[in-house]
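Engineer: build me a model:
(one chain, ligands or ions: 2)
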Amino acid sequence: MSAPLTGAPALDAVNAALATVQDPEINRPLPELGMVKDVRIADDGTVRVEVYLTVSGCPMRETITNRVTQAVSAVPGVTSVQVALDVMNDEQRAELRKTVRGTDAPEPVIPFAQPGSLTRVYAVASGKGGVGKSSVTVNLAAALAKKGLSVGVVDADIYGHSVPRMLGVDDKPTQVDNMIMPPQAYGVKVISIGMFTPGNTPVVWRGPMLHRALQQFLADVWWGDLDVLLLDLPPGTGDVAISIAQLLPNAEILVVTTPQLAAAEVAERAGAIATQTHQQVVGVIENMSWLDLPDGGRMEVFGSGGGEAVSDALTRTLGARVPLLGQIPLDTRVREAGDAGAPVVLADPDSSAAQALAKIADGLATRQRGLSGMSLGLTPVRH
Ligand SMILES: Nc1ncnc2c1ncn2[C@@H]1O[C@H](COP(=O)(O)OP(=O)(O)OP(=O)(O)O)[C@@H](O)[C@H]1O
Ligand SMILES: [Mg+2]
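Structural biologist: Residues are numbered from 1 along each chain as shown. Ligands and ions are numbered 1, 2, ... in the order given. Model (predicted):
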């Protein structure tokens, strides 16, 4: 401390300081993870460090900024530290994943992402939480399985996993050789992050760890030949939506909203992410549309028009028709069935909510997959 300062700090010393800064989640030094973008040292001893975050809106940004500031400030000659944040692009993230996995081996193969895969993949998304994504997912899955289709569900809502309960699945997956065998309920194969955490421990994962977990769900789980894979996404347009778009570029988005116009605006944003990820939006499902009254009337508890508004707005934004696939009324039996682990489409198929859900499932079952991005399986003939 008492040594006189001898001009601007050395770049080597700053780099050495940065090498002591660990990413708070991956617990590896930032430079090793390719997270240091640039270091500039001014004559007056000001050091400007540019750091790559793995995703924008990274919850660790403040911790990382503080750690970098603290480490670099301790270097002799440093008068002040500026930390600027940038976000990695897809290639940089892929590189980081390779580093974290510690291997150059090819990424695990996800059968549904292969050209020629006949599995239709639907990612159920919403803007707001609590609009009924998980309820819709499990009911569509159960209805499709009942029709004889082979169906899988990935509970990709890492923070709020509720799919196993709604399907009444208590079993854990079993491991056979290197494959994870998913538990089944009502003919639906189910995998959830909740099955891999002890008790009800909340999971705090972000970017790369999430990505790895999802990749594992998709690659290492023995799904067999699925006709349909449904993914229950967390609300909003976060890391999971981006990872799914990267891991399963052929996944198509199903947007769930309520009739409330404020909710619809947020739902629209969740759907519009498809323009950036080049995914298709299959359609919009309006849930909690109304309450059927004993006198035959309807009470529009959350207003009306949300589903239509999202469908219209996404049709305009995406330049392709995004239909409103159905409206599901509010019905206490939806919740009761979910709590009891028996989806309403099976537990009470005559209820109007179950019928609306079954009709949407019918539409999805008969829907042909788009040919874009698919291999036609033709081999050129040599003469
Ligand atoms: N049509 C409906 N009628 C009555 N209750 C419903 C209906 N749809 C969903 N619910 C209930 O509303 C609550 C929220 O639904 P759900 O958990 O499916 O929403 P979510 O969008 O997955 O929520 P989150 O964002 O927390 O994951 C649950 O208690 C569910 O049982
Ligand atoms: Mg949910």
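Engineer: what is the mean pLDDT for the helix or strand containing residue 51?
Structural biologist: Element membership for residue 51, per DSSP states H and E: strand 46-53. Confidence over strand 46-53 (mean pLDDT, whole number) is 95.
Engineer: buried residues in it?
Structural biologist: The neighbour-count check on strand 46-53 (16 or more other C-beta atoms under 10 Å) flags 47, 49, 50, 51, 52, 53 as buried. Where C-beta positions appear, they are placed from N, C-alpha and C, glycine not excepted.
Engineer: mind listing what residue 325 touches?
Structural biologist: For residue 325, the residues meeting the contact criterion (C-beta atoms under 8 Å, 6 or more residues apart in numbering) are 254, 282, 283, 284, 285, 360, 363, 364.
Engineer: what number of residues are in the vicinity of the closest residue to it other than its chain neighbours?
Structural biologist: Here the nearest residue to residue 325 in space, its sequence neighbours aside, is residue 283; by C-beta to C-beta, 6 or more residues apart in numbering that works out to 3.9 Å. Using other C-beta atoms under 10 Å, residue 283 has 25 other residues around it.
Engineer: surely residue 283 is in a helix?
Structural biologist: No - secondary structure of residue 283, determined by DSSP: H, G, I helix; E, B strand; the rest coil: strand, with no helix assignment.
Engineer: before we move on, the earlier item: so which of the buried residues of strand 46-53 is the closest to ligand 2?
Structural biologist: Lowest distance from ligand 2 to those (C-beta to the ion) belongs to residue 53, with 26.4 Å.
Engineer: the closest one bridge partners, please.
Structural biologist: The residues paired with residue 53 through beta bridges, assigned by DSSP bridges, are residue 87.
Engineer: contacts only, for the nearest residue to residue 304 once chain neighbours are set aside.
Structural biologist: Excluding its sequence neighbours, the residue lying closest to residue 304 (C-beta to C-beta, 6+ apart) is residue 259, at 4.8 Å. The neighbours of residue 259, taking C-beta under 8 Å, 6+ apart as the test, are 286, 288, 289, 290, 300, 302, 303, 304, 305, 306, 307, 327.
Engineer: for the closest residue in space to residue 186 that isn't next to it in sequence, give its distance to residue 344.
Structural biologist: With C-beta to C-beta, 6+ apart as the measure, residue 142 is the residue that lies nearest to residue 186, at 4.9 Å, once sequence neighbours are left out. In this structure, residue 142 and residue 344 are 9 Å apart, going by C-beta to C-beta, to the nearest Å.
Engineer: same question for residue 321.
Structural biologist: Counting by C-beta to C-beta, the separation of residue 321 from residue 344 is 29 Å.
Engineer: looking at those two, which has the bigger crowd around it?
Structural biologist: Here residue 321 and residue 344 are compared on neighbour count by other C-beta under 10 Å; more neighbours surround residue 344, at 28 against 10.
Engineer: who touches stretch 157-173?
Structural biologist: Outside stretch 157-173, the residues that touch it by C-beta under 8 Å, 6+ apart are 129, 133-135, 137-138, 141-142, 153, 155, 180-186, 188, 190-195, 202-203, 205, 210, 213, 221, 232-234, 240, 338-343.
Engineer: enumerate the residues of the stretch 101-250 of the chain near ligand 2.
Structural biologist: Taking C-beta under 5 Å from the ion as the test, the list of the stretch 101-250 of the chain residues beside ligand 2 reads 133, 134.
Engineer: let's see that with 6 Å instead.
Structural biologist: Remark: the part of the stretch 101-250 of the chain in contact with ligand 2 comprises 133, 134, 157, 160, 162, 232, using C-beta under 6 Å from the ion.
Engineer: what subset of those is also close to ligand 1?
Structural biologist: 133, 134, 157, 160, 162 (C-beta under 6 Å from any ligand atom).
Engineer: among the residues you listed, which lie within helices?
Structural biologist: Within these, membership in helices is found for 133, 134, as judged by DSSP state H.
Engineer: export the ones next to ligand 1 among the residues of the stretch 101-250 of the chain next to ligand 2 to a markdown table and tack on distance to residue 173 and neighbour count?
Structural biologist: Putting those into a markdown table (distance: C-beta to C-beta, whole Å; neighbours: other C-beta atoms under 10 Å) gives the following:
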| residue | distance to residue 173 | neighbour count |
| --- | --- | --- |
| 133 | 22 | 27 |
| 134 | 19 | 25 |
| 157 | 17 | 23 |
| 160 | 20 | 17 |
| 162 | 17 | 18 |
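Engineer: least confident of the ones next to ligand 1 among the residues of the stretch 101-250 of the chain next to ligand 2?
Structural biologist: The weakest per-residue confidence within these falls on residue 160 (70).
Engineer: with ligand 2 as the reference, measure out to residue 165.
Structural biologist: Shown here: residue 165 relative to ligand 2, a distance of 11 Å by C-beta to the ion, to the nearest Å.
Engineer: just the pLDDT for that residue.
Structural biologist: Spelled out, the predicted local distance difference test score at residue 165 is 91.
Engineer: wait, a strand at it?
Structural biologist: No - residue state for residue 165 (three-state DSSP) corresponds to helix; a strand is not indicated.
Engineer: ok so, going back, widest-spaced pair of the buried residues of strand 46-53?
Structural biologist: Taking C-beta to C-beta as the measure, these span a maximum distance of 19.0 Å, between 47 and 53.
Engineer: would you agree residue 24 is in contact with residue 60?
Structural biologist: Yes - with the criterion set as C-beta atoms under 8 Å, residue 24 and residue 60 qualify as a contacting pair; they are 4.9 Å apart.
Engineer: overlap in contacts of those two?
Structural biologist: Common neighbours of residue 24 and residue 60 (C-beta under 8 Å, 6+ apart) do not exist.
Engineer: who's the residue nearest to residue 325 bridged to?
Structural biologist: Here residue 283 sits in beta bridges with residue 254, as judged by DSSP bridges.
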